[in-house]
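S.K.: below are the sequence and a predicted model; questions follow.
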Amino acid sequence: MAQNTLQVSWALAKDPAFIRKIMYAAERAAIAVQAEDPETANHTERSALANAILHNLKGESAKFAQAVAADPGAVGISNETTDNDLLFTVSSVFNALALGG
């Protein structure tokens, strides 16, 4: 399966059903980050993002939806993508969002 076009990725990132799925995947990732060893690389930044997610889930979900839809490693991502693949992709973009400010 090929990488989504930019137009497809943009439309997906704006889709309310997709955003809801990503919102809960981000929440799961945030819970996992808060439970990780504090010596984990970039834990301070990851924990700060996790805290933001857990206290403002809806507000943080849009940037995760955009990152997942645009992620070049998420080939052919769509509303039909499995939960496990969405969880994996959210986890894979977590550092980029945590370290990106």
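M.R.: Nice, thanks for sending it over.
S.K.: quick one: mean pLDDT over the longest helix belonging to the chain.
M.R.: In the chain, with assignment by DSSP state H, the single longest helix is helix 16-35. Helix 16-35 carries an average pLDDT of 96.
S.K.: against the centre of the chain, work out the most remote residue.
M.R.: Glu39 (22.3 Å; CA atoms, centre = their mean).
S.K.: what helix or strand is it located in?
M.R.: Under the criterion DSSP states H and E, no helix or strand holds Glu39.
S.K.: now it: phi and psi?
M.R.: Backbone torsions for Glu39, taken as degrees, to the nearest 10, come to phi -80, psi 0.
S.K.: please report how far it lies from Ala11.
M.R.: 41 Å (CB to CB, to the nearest Å). No exception for glycine: its C-beta is placed from N, CA and C like everyone else's.
S.K.: for the residue farthest from the centre of the chain, give me the pLDDT.
M.R.: 96.
S.K.: check the one 10 residues further on too.
M.R.: You'll see Leu49 listed with a pLDDT of 97.
S.K.: which residues touch Glu80?
M.R.: Residues near Glu80 by CB atoms under 8 Å, 6 or more residues apart in numbering: none.
S.K.: what's the helix or strand for it?
M.R.: Counting by DSSP H and E, Glu80 is part of no helix or strand.
S.K.: could you do the one 10 residues further on as well?
M.R.: Using DSSP H and E, Val90 falls within helix 83-99.
S.K.: likewise for Ala65?
M.R.: Counting by DSSP H and E, Ala65 is part of helix 57-70.
S.K.: chain center to that helix, what's the gap?
M.R.: The chain centre lies 6 Å from the centre of helix 57-70; the measure is CA atoms, centre = their mean, to the nearest Å.
S.K.: for that helix, buried residues please.
M.R.: 60-61, 63-70 (16 or more other CB atoms under 10 Å).
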